[in-house]
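Visitor: I'd like to go over a predicted model; first the sequence, then the structure.
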Amino acid sequence: TTVWSGDVYSTNWGFQHQIAAGRTYALSGLPYWTTDIGGYWPPYEGASMTTPEYQELYARWFQFGAFCPVFRTHGHRPHNEMWTYDRVEPILLTYDRLRYRMMPYIYSVAARVTNEDYTMMRPLVMDWRTDHKVWNVGDEFMFGPAFLVAPVWKEAATSRDVYLPAGEWYDFWTGEKVQGGVEVHAEAPLEKMPLYMRAGSIVPLGPEIEYANEKPDGPIELRVYRGADGSFNLYDDEGDSYRYEKGARSVIPIRWDEKTATLTFGTREGTYAGMPEKRAFHIIWVGAAHGTGEGVSAKADATIEYVGRTVSVKSK
């Protein structure tokens, strides 16, 4: 079941409260929630989609929407294609490409939702219950185990404060490592929503695609955020049936050992019709200006052709 938050108003106030609403809904244990990107109703009678103020709001809402369990743009508007928002179209395309590149990550997290009662959108208190500083953070959340998302909801804002829980973090856009347990001041020009990656995260990104099953055997760019032990189970199935309930699925367990600086791909578990027998993994040890942003990295630190058997790679 997917729930959407209703026909909400297209204002910054409305946007701010959608962020809080999604977090609160996740705490109920129901995992799939979404909102009308850009709001449903115009902010006032006769408001135009072409105004700079509305297009800025739409871009900020779109950035947030790309990290909701369901990515959905909808509203009481004559047109809704990305090129309709000509002032911010390049920004929309960036986050649209990122959402599609994240499909291996998102689908694997969705498998945890099904099999482990997990949630994609996670208020910080779900993962740092004893840190009293997160108890009243209403405009940040985790998207799965790796991404800390900090939407920008104030009109014309070009920066915002972000609280990072204890541990090491990486700026998704720059690769800069940041020590947690503190509030940081993040630069946030219109094209950039602050995203931080938890140390120990293993994030599989697919190739650039325009629809979900365009390149089912495409290479995986595997970004590894060193600094703590980590694990990720890369899940896949046919994508268009319920046969996964009868075992038609595969899981590739991936583990990062910080002490030995070793990344291990375990033996693949399961199979399904049409499963690629081989997968190319382009491994990136994320660092400053390396393995950053939404684009495909130009150069991998290591490449393996995975055929279902255990294989390990050491970082340099």
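Guide: Here it is on my side, so go on.

Visitor: which residue ranges form the strands in the stretch 51-200 of the chain?
Guide: 121-122, 141-143, 147-149, 159-164, 168-171, 177-179, 182-187, 195-198 (DSSP state E, counting those that start in this stretch).

Visitor: what's whichever helix in the chain runs longest in contact with?
Guide: The longest helix of the chain (DSSP state H) is helix 12-27. Contact with helix 12-27 is made by 3, 5, 8, 33, 35, 39, 57, 60-61, 64, 68, 119-123, 125-126, 138-139, 141, 151, 153-155, as judged by CB atoms under 8 Å, 6 or more residues apart in numbering. C-beta coordinates here come from the backbone N, C-alpha and C atoms, glycine included.

Visitor: please redo it, this time with the cut-off set to 6 Å
Guide: Identification of contacts with helix 12-27 by CB atoms under 6 Å, 6 or more residues apart in numbering yields 5, 8, 33, 35, 39, 61, 119, 121, 123, 138-139, 141, 151, 153, 155.

Visitor: which ones are touching residue 176?
Guide: residue 288.

Visitor: just checking, what packs against the helix or strand that the longest helix of the chain is followed by?
Guide: Going down the chain from helix 12-27, the next helix or strand is strand 33-34, by DSSP states H and E. The contact analysis (3 or more CB pairs under 6 Å, 6 or more residues apart in numbering; DSSP states H and E) places strand 33-34 against no helix or strand.

Visitor: of the contacts of helix 12-27, closest to residue 206?
Guide: Sorting the contacts of helix 12-27 by distance to residue 206 puts residue 121 at the head of the list, at 21.2 Å, by CB to CB.

Visitor: which residues touch the closest one?
Guide: 22, 26, 69, 141.

Visitor: now with 10 Å?
Guide: Taking CB atoms under 10 Å, 6 or more residues apart in numbering, we find residue 121 in contact with 19, 22-23, 25-27, 31-34, 67-70, 141-144, 149.

Visitor: ok, it to residue 106 distance?
Guide: Residue 121 is 12 Å from residue 106, where distance means CB to CB, to the nearest Å.

Visitor: can you check residue 16 too?
Guide: From residue 16 over to residue 106 (counting by CB to CB), the distance is 25 Å.

Visitor: the more surrounded of these two?
Guide: Under the criterion of other CB atoms under 10 Å, the comparison of residue 16 against residue 106 puts residue 106 first, with 20 against 15.

Visitor: from what I see, the more buried one and residue 234 are in contact.
Guide: No - Residue 106 lies out of contact with residue 234 (CB atoms under 10 Å); the separation is 11.7 Å.

Visitor: packing partners for the host helix or strand of residue 313?
Guide: Assessed by DSSP H and E, residue 313 sits inside strand 311-314. If contacts are counted by 3 or more CB pairs under 10 Å, 6 or more residues apart in numbering; DSSP states H and E, strand 311-314 sits against strand 249-257, strand 262-265, strand 279-285, strand 302-306.

Visitor: check contacts around the residue nearest to residue 178 when sequence neighbours are not counted.
Guide: Distances taken as CB to CB, 6 or more residues apart in numbering place residue 169 nearest to residue 178, at 4.7 Å, with adjacent residues excluded. Residues in contact with residue 169 (CB under 10 Å, 6+ apart) are 148, 162, 176-181, 184, 196-199, 201, 225, 227.
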